[in-house]
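Q: Just to be clear, the model below is a prediction. Sequence and coordinates:
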Amino acid sequence: MTSVAHRSSSSWDTRRASTLMVVTALFMVAALVPAPSVADEADPLPGRGWVWPVEVVQIVRAFEAPAHRYAPGHRGIDLGSVVRVRSPAAGTVAFAGPVAGRPVVTIDHGDGLVTTLEPVTTDLHAGDPVARGAAVGEISEGGHTAPETVHFGVRWQGEYVNPLRLLGGVPRAVLLPCC
């Protein structure tokens, strides 16, 4: 009976030693692989040549990222003292019309980028091309914005992003390791 107990103890020690060697080898290999740098993970949104959708920039309300997809937040920026609204980049009108009682213009810029401007009345229709900086409409009333204020929202691959990222105004947040 002693030999059976001795044999299983020996087997356990062998497995433990093998596991320890494998784990040690993995740590040694991981130490040789360089960690990705912040430059490797550069924000792909800046540098696209976007312009402000208004002539005089006055940010009335900033972008407030929601905690999750359905959480409260402010999914764009509100710009004040607006009369005319222009396209921040070349694209195609995806939608122009009322949404929940306010006039909205949506522009598809390609590469997963879509701009929403509201409240904006326009003579444009879905499918109309727009050039970068071209007038897309006049400020109107409705929605959560004050008079002479436009809400400028941007979605990238279906998710809302801070429009300032495309205008060069906000550096991308990078989490640094702690401890």
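A: Good, I have the coordinates.

Q: For the rest of this, base every contact and every neighbour count on C-alpha atoms.
A: Will do.

Q: what ranges do the helices span in this protein?
A: Here the chain has its helices, by DSSP state H, at 2-32, 164-167.

Q: Return the helix or strand in the chain with minimum mean pLDDT.
A: In the chain, no helix or strand scores lower on mean pLDDT, DSSP states H and E than helix 2-32, which sits at a mean of 54.

Q: so where's this protein uncertain?
A: 1-41, 170-175, 179 (pLDDT under 70).

Q: go with 90
A: Judged by pLDDT under 90, the chain has its weakly predicted residues at 1-47, 56-57, 65-70, 73, 81-83, 142-146, 168-179.

Q: domain assignment for it?
A: By the assignment in automatic domain parsing, the chain contains the domains 1-33, 59-167.

Q: Output the ones you listed as a markdown table; include the columns mean neighbour count and distance to residue 50.
A: Listed next are these as a markdown table, based on neighbours: other C-alpha atoms under 10 Å; distance: least, C-alpha to C-alpha, whole Å:
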| stretch | mean neighbour count | distance to residue 50 |
| --- | --- | --- |
| domain 1-33 | 11 | 37 |
| domain 59-167 | 18 | 5 |
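
Q: Which stretch among these approaches residue 45 most closely?
A: domain 59-167 (5.4 Å; C-alpha to C-alpha).

Q: Could you check how far that closest one is from the centre of its chain?
A: 15 Å (C-alpha atoms, centre = their mean, to the nearest Å).

Q: And for stretch 151-169?
A: Centroid separation for stretch 151-169 versus its chain: 6 Å, with C-alpha atoms, centre = their mean.

Q: what about it, start to end distance?
A: 17 Å (C-alpha to C-alpha, to the nearest Å).

Q: One more: stretch 88-104?
A: 15 Å.

Q: center of the chain, which residue is that?
A: residue 161 (3.2 Å; C-alpha atoms, centre = their mean).

Q: From residue 108, how far out is that one?
A: 15 Å.

Q: Settle this for me: residue 61 is touching residue 144, isn't it.
A: No - contact criterion C-alpha atoms under 8 Å: residue 61 and residue 144 do not qualify, at 10.9 Å.

Q: what bridges to the closest residue to residue 155 other than its chain neighbours?
A: Excluding its sequence neighbours, the residue lying closest to residue 155 (C-alpha to C-alpha, 6 or more residues apart in numbering) is residue 114, at 5.2 Å. Residue 114 has these beta-bridge partners by DSSP bridges: residue 108, residue 155.
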